[in-house]
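>>> here is the input, now give the coordinates:
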Amino acid sequence: MGVAYHWFIPLVAAIASLGLAILVNRTASQTRLNRIFVFLAALLVLWNLNFFVLYSVEDRDLALKLTKFFRNGGIFLPAALLHLVLALRDSPSPLWNRLLAADYGIAGALAIANLSNLLVANLKPFRWGFYSVGTPLYSLFAAVLLINLIAVVALLVYEYRINIHPLKRLQIRFWLLGAVLAFPLGCTNLLPTYGLPLYPLGSLGTAAWAALVAYAIARHRLMDVDLVVTKGIAYAAVSFILIVPAVVLTLWLQQRSFGQVHPDFSAALVFLFIAISILFPSLRLRAESQIEHSLFGHKHEYRSAIVALTRSVLRILDREKLIRQLSDQLRETLRLEHVAVALLDEGKGAFVLWSGSGPSNLSEIPETHELIDSLARRQAAVLRNELESSTIVAERDVVTALYSVLGWEVCIPLEGGGRVNGFIALGPKGNRDAFFAEDLDLLETLANEVSVALENARLYEELKRSQDIIRRADRLSALGTLAAGIAHEIRNPLVAIQTFFQLAPDRLQDEEFFTSFLSMTANEVKRISDLISELLSFARSPTRTLAPLCVNETAERVVTLLEPEARKHRLRLIRNLSPSVPEVLADGDQIKQVLINLILNAIQATQAGGTVAVSTRCAYSGDTKSAQLEINDTGTGMAKDQLDHIFDPFFTTKDKGTGLGLAIVHQIVREHGGSINVNSSVGQGTTFVITIPSSHKPSATEDANISGPDTSPDRHDNHPRRIATS
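Numbers count the residues shown, from 1 in each chain. Okay, here's the model as predicted:
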């Protein structure tokens, strides 16, 4: 019989398989694939327990009886493997389903034969324990196992080649990696039955395969298989380099001390070395964190604060706010006497200090200064004590002098595009502690994120300027259309006024003439003045100012401004304004621009004799009260494929349109926390419904949102398109 420790490997493999089954059952969704894996893992538990009994039980008859039950795990294992791989497919072909049913049928027949000693006749002792003596039926089991293993690998390769889903392909790669490791090892468990005294390694293979498959099933964010292989090979190589000499030394010490080598003791040491190599890295990190937290809590807290700051800076798109928050957080976290942030101003050819509380009034450092050369050359934090011992004269003299004048202890470069774009300068800590290596590592990581955040802020500023230019161009485009209509509208009142002045000298004594015509002339002048005032108001450059806004008053003014355009197209412009509409916090000019764009579009899409209606109402969504504006026309309407793109920039259905009007409308509504619905059918007109919450105050996140319009329509009757912007 074999020595006692051989039972340890299959027992550990059985426990690992059970743990993986529980893990997948608890953490992964209950899909068909997961249920089959749990079933397969249960079979692996039985299969490994079969070898545990063979290696640990010394009574042959007892071992033979116990293994009759546990051997069923191995009997049903080939069918379960095929079943698991077929579960990757959404709908396996009928042929594969029939083959799978035949597989389970053969397994069932072999299980019955196993109970009657028709599969395994006896047990034979090997150096590691008992092993099965097979009957002719055992050869059938071996053949079924090999055929299924080949079929499983072939199916996985085929699925990998035809599958287009990235995550599914990555899962299959993990399964194939597991198959490459496990299947050859699993086949070694068949060899002793046929008289080949090769040590069976199937338990190790099954544990590795089950672990890889469970990882691929339970995890949604998988590592690259190449990285897993690289890490595995590197870990195995390092472990081999470290453990083998230790084992050899242990064997030599046993021989010198006791005159013999004890195999059980040696094997136990090998397992101990492996366990230590696996557990040591993670336990060391946890122990360091706990000890630092317990004994040096203030250092743990400020380093955690710097890590949190590193994660948050990318969300800040305002450069001044970013620099202010960075300076304040560093000063408070590290208890610094002062902090300065310098950024390159290419126009000045110098680095401008944006914030600082040092003893000097210096506000700019030339781009050619030796400090910038030092930061570019080192590409890392530059400490004052390093400069004092530098062998470079300029660093030792000039840069050290600058540090002394400004009271700096360290500068961390802000790099981008292969050059230094700025730096963070830190004064001494309040407790006079040095800047430790761990501090500098965290600060350099923070500087990398700040560099990206500053570039994002610059791009955001450029985008905002571009948006302002686009909106101004859109207003000017609408202004040209309005001016043409108003010029036509002004001509008629001017005729009446001219007629009055022509007739006045001859009708000086006619009181009725002067009363009626003077009143009419005054009204016409006021009408012209109102139209011009509205036109000038709309022509102002758009500067966003939020204030309480009366929606009905804004709608009334826009309708008044556009009535001449409607009359020019021989349309009726109708207003239906509800008195219950609440005020909203909004920019009046921007809401006016939204209405002008939508009403102009409606007028241009409606034939002569049609109508365009502007309506307002109060709406509720839960406890939130909102103001709704509806623009409805009886025009040509839009097709479904047009509705899917109407808010996309540069999409237009007009011959001379820019395609920016509705994109700007969508952006403005989104910035006010509102939403816009579109309902249109060809030949039946179009309806736009804008909803703006009465109590909404745009947050910094919304002000900083630079993403494009949502282009995913929700479907309702008549193919409406809804853009939810809140």
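>>> residues in contact with Gln628?
The contact partners of Gln628, by CB atoms under 8 Å, 6 or more residues apart in numbering, come to 581, 616-619, 689-692. C-beta here means a position set from N, CA and C on the backbone, and glycine is covered the same way.
>>> switch the cut-off to 7 Å
Listed by CB atoms under 7 Å, 6 or more residues apart in numbering, the contact set of Gln628 reads 616-617, 619, 689-691.
>>> number of nearby residues for the residue nearest to Asn189 when sequence neighbours are not counted?
Distances taken as CB to CB, 6 or more residues apart in numbering put Gly202 closest to Asn189, at 3.6 Å, once the chain neighbours are dropped. For Gly202, the neighbour count with other CB atoms under 10 Å is 25.
>>> touching, Gly202 and Ala182? I think so.
No - judged on CB atoms under 7 Å, Gly202 makes no contact with Ala182 at a distance of 8.1 Å.
>>> give me the neighbour count for the residue lying closest to Leu204 once chain neighbours are set aside.
In this structure, Leu204 finds its nearest non-sequential neighbour in Leu185, 5.9 Å apart by CB to CB, 6+ apart. Leu185: 18 surrounding residues under other CB under 10 Å.
>>> helix/strand/coil for Val581?
Per DSSP: H, G, I helix; E, B strand; the rest coil, the local secondary structure of Val581 is coil.
>>> can you check the pLDDT for the residue nearest to Asn189?
At Gly202, the model reports a pLDDT of 85.
>>> give me the low-pLDDT residue ranges for the stretch 451-600 of the chain?
466-496, 498-504, 506-524, 526-544 (pLDDT under 70).
>>> mind redoing it with 80?
For the stretch 451-600 of the chain, applying pLDDT under 80 flags the ranges 459-545.
>>> below-threshold pLDDT in the stretch 151-300 of the chain: ranges please.
Within the stretch 151-300 of the chain, the stretches with pLDDT under 80 are 164-167, 215-240, 242-243, 260-300.
>>> hey, where'd the helices end up in it?
166-187, 202-218, 225-258, 263-295, 297-312 (DSSP state H, counting those that start in this stretch).
>>> pick the most buried one from those helices.
Stretch with highest mean neighbour count among these: helix 202-218 (a mean of 23; mean count of other CB atoms under 10 Å).
>>> next, the angle helix 225-258 makes with that one.
Helix 202-218 runs at 150 degrees relative to helix 225-258, counting by axes from the mean of the first three to the mean of the last three CA atoms, to 10 degrees.
>>> other residues contacting helix 202-218?
Under CB under 7 Å, 6+ apart, the answer for helix 202-218 is 9-10, 13, 16-17, 20, 23-24, 27-28, 33-34, 37, 41, 44, 48, 51, 171, 174-175, 177-179, 181-182, 185-186, 188-189, 222.
>>> thinking again about what came up before, need the helices of the stretch 151-300 of the chain in CSV (columns: distance to Leu66).
Formatted as CSV, those follow (distance: least, CB to CB, whole Å):
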stretch, distance to Leu66
helix 166-187, 22
helix 202-218, 17
helix 225-258, 34
helix 263-295, 24
helix 297-312, 53
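>>> those: which one's closest to Leu573?
helix 297-312 (50.2 Å; CB to CB).
>>> helices or strands up against that closest one?
Helix 297-312 sits against helix 263-295, helix 319-334, helix 437-503, with contacts defined as 3 or more CB pairs under 7 Å, 6 or more residues apart in numbering; DSSP states H and E.
>>> can you give me the angle that helix makes with helix 319-334?
Computed by the same axes, to 10 degrees, the angle between helix 297-312 and helix 319-334 is 160 degrees.
>>> okay, who's weakest in the contacts of Gln628 by pLDDT?
Ala619 (88).
>>> OK, contacts around Ala101?
Contacts of Ala101 (CB under 7 Å, 6+ apart): none.
>>> what's the pLDDT at it?
93.
>>> can you tell me the closest non-neighbouring residue to Phe39?
Using CB to CB, 6+ apart, the nearest residue to Phe39 is Ala80, at 6.1 Å.
>>> host element of the one you found?
helix 60-86 (DSSP states H and E).
>>> right, I'll leave it there.
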